[in-house]
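Visitor: sequence plus the predicted model coming up.
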Amino acid sequence: MPAVSAPVRVCGAETPIPPRVAELALSVVVWPGKEVEEVVSCAIEDHPDDEEHWALVRELDGPHTGAVWVVWTDRIPRTGSDRSPTVG
(Lines give C-alpha, C1' and ligand atoms only; values in the text may rest on other atoms or scores of the structure.)
Protein backbone atom coordinates (compact mmCIF):
# COMPACT_ATOMS: atom_id res chain seq x y z
CA MET A 1 0.00 0.00 0.00
CA PRO A 2 1.49 3.42 -0.96
CA ALA A 3 2.39 5.78 1.85
CA VAL A 4 0.04 8.72 2.32
CA SER A 5 1.89 12.01 2.56
CA ALA A 6 0.78 14.79 4.84
CA PRO A 7 -0.89 17.74 3.11
CA VAL A 8 1.44 20.65 2.39
CA ARG A 9 0.58 23.76 4.38
CA VAL A 10 0.66 27.00 2.44
CA CYS A 11 1.65 30.31 3.99
CA GLY A 12 -1.61 32.19 3.30
CA ALA A 13 -0.26 35.65 4.29
CA GLU A 14 -2.38 38.37 2.66
CA THR A 15 -1.65 41.78 1.19
CA PRO A 16 -3.78 44.33 -0.67
CA ILE A 17 -2.79 45.02 -4.26
CA PRO A 18 -1.90 48.70 -4.84
CA PRO A 19 -3.77 50.30 -7.77
CA ARG A 20 -0.54 50.68 -9.80
CA VAL A 21 0.21 46.94 -9.54
CA ALA A 22 -3.37 46.16 -10.63
CA GLU A 23 -2.97 48.51 -13.62
CA LEU A 24 0.27 46.77 -14.63
CA ALA A 25 -1.34 43.34 -14.32
CA LEU A 26 -4.29 44.41 -16.48
CA SER A 27 -1.99 45.95 -19.12
CA VAL A 28 0.05 42.78 -19.69
CA VAL A 29 -2.21 41.36 -22.40
CA VAL A 30 -4.92 42.70 -24.70
CA TRP A 31 -7.11 39.59 -24.57
CA PRO A 32 -9.70 39.52 -21.80
CA GLY A 33 -8.83 37.35 -18.86
CA LYS A 34 -9.69 37.00 -15.24
CA GLU A 35 -9.87 40.17 -13.21
CA VAL A 36 -7.19 41.24 -10.76
CA GLU A 37 -7.70 40.26 -7.13
CA GLU A 38 -7.84 43.18 -4.68
CA VAL A 39 -6.28 41.14 -1.86
CA VAL A 40 -4.03 38.17 -2.56
CA SER A 41 -2.73 35.32 -0.38
CA CYS A 42 0.73 33.80 -0.40
CA ALA A 43 0.49 30.55 -2.33
CA ILE A 44 3.83 28.97 -1.50
CA GLU A 45 4.59 26.42 1.19
CA ASP A 46 4.54 27.64 4.79
CA HIS A 47 7.76 29.56 5.50
CA PRO A 48 9.27 32.02 8.01
CA ASP A 49 7.66 35.47 7.99
CA ASP A 50 10.91 37.20 7.02
CA GLU A 51 11.07 35.38 3.66
CA GLU A 52 9.37 36.47 0.42
CA HIS A 53 5.66 35.80 -0.10
CA TRP A 54 4.40 34.98 -3.63
CA ALA A 55 0.78 35.33 -4.79
CA LEU A 56 -1.10 35.03 -8.06
CA VAL A 57 -2.54 38.38 -9.18
CA ARG A 58 -4.01 37.45 -12.56
CA GLU A 59 -4.12 34.47 -14.90
CA LEU A 60 -3.67 35.35 -18.57
CA ASP A 61 -5.92 33.86 -21.22
CA GLY A 62 -5.45 33.70 -24.96
CA PRO A 63 -2.46 32.75 -27.09
CA HIS A 64 0.00 34.26 -24.60
CA THR A 65 -1.07 32.25 -21.57
CA GLY A 66 0.72 32.67 -18.30
CA ALA A 67 0.21 34.56 -15.08
CA VAL A 68 1.13 37.73 -13.21
CA TRP A 69 2.48 37.16 -9.70
CA VAL A 70 3.31 39.58 -6.89
CA VAL A 71 6.17 39.26 -4.39
CA TRP A 72 6.39 40.97 -0.98
CA THR A 73 7.96 40.61 2.45
CA ASP A 74 6.80 41.38 5.96
CA ARG A 75 10.08 43.13 6.75
CA ILE A 76 9.85 46.80 7.59
CA PRO A 77 11.54 48.81 4.83
CA ARG A 78 14.52 50.89 5.96
CA THR A 79 13.03 53.94 4.25
CA GLY A 80 10.02 53.85 6.57
CA SER A 81 7.56 53.66 3.66
CA ASP A 82 4.56 51.35 3.72
CA ARG A 83 4.92 47.73 2.67
CA SER A 84 4.17 47.46 -1.03
CA PRO A 85 4.28 44.35 -3.18
CA THR A 86 6.14 44.41 -6.48
CA VAL A 87 5.18 42.63 -9.69
CA GLY A 88 7.22 39.44 -10.06
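Guide: Thanks, I have it. None of these values were measured; they are calculated from a predicted model. Numbers count the residues shown, from 1 in each chain.
Visitor: CA atoms for contacts and neighbours, from now on please.
Guide: Noted.
Visitor: all strands for this protein, in order.
Guide: 14-16, 39-41, 53-60, 66-72, 86-87 (DSSP state E).
Visitor: pass me the low-pLDDT residue ranges in this protein, would you?
Guide: Applying pLDDT under 70 to the chain flags the ranges 1-4, 28-34, 62-64, 76-88.
Visitor: hang on, the earlier thing: buried deepest among the strands of the chain, which one?
Guide: strand 53-60 (a mean of 22; mean count of other Cα atoms under 10 Å).
Visitor: now that strand and strand 66-72, what's the angle there?
Guide: Angle of strand 53-60 versus strand 66-72, following axes from the mean of the first three to the mean of the last three Cα atoms, to 10 degrees, is 150 degrees.
Visitor: mind listing residues that contact strand 53-60?
Guide: The contact list for strand 53-60, computed with Cα atoms under 8 Å, 6 or more residues apart in numbering, reads 11, 13, 22, 25-26, 29, 33-37, 40-44, 65-73.
Visitor: 6 Å - rerun?
Guide: 33, 36-37, 41-43, 66-73 (Cα atoms under 6 Å, 6 or more residues apart in numbering).
Visitor: a markdown table for those residues, including distance to Asp50?
Guide: Output for the contacts of strand 53-60, formatted as a markdown table (distance: Cα to Cα, whole Å):
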| residue | distance to Asp50 |
| --- | --- |
| Gly33 | 33 |
| Val36 | 26 |
| Glu37 | 24 |
| Ser41 | 16 |
| Cys42 | 13 |
| Ala43 | 15 |
| Gly66 | 28 |
| Ala67 | 25 |
| Val68 | 22 |
| Trp69 | 19 |
| Val70 | 16 |
| Val71 | 13 |
| Trp72 | 10 |
| Thr73 | 6 |
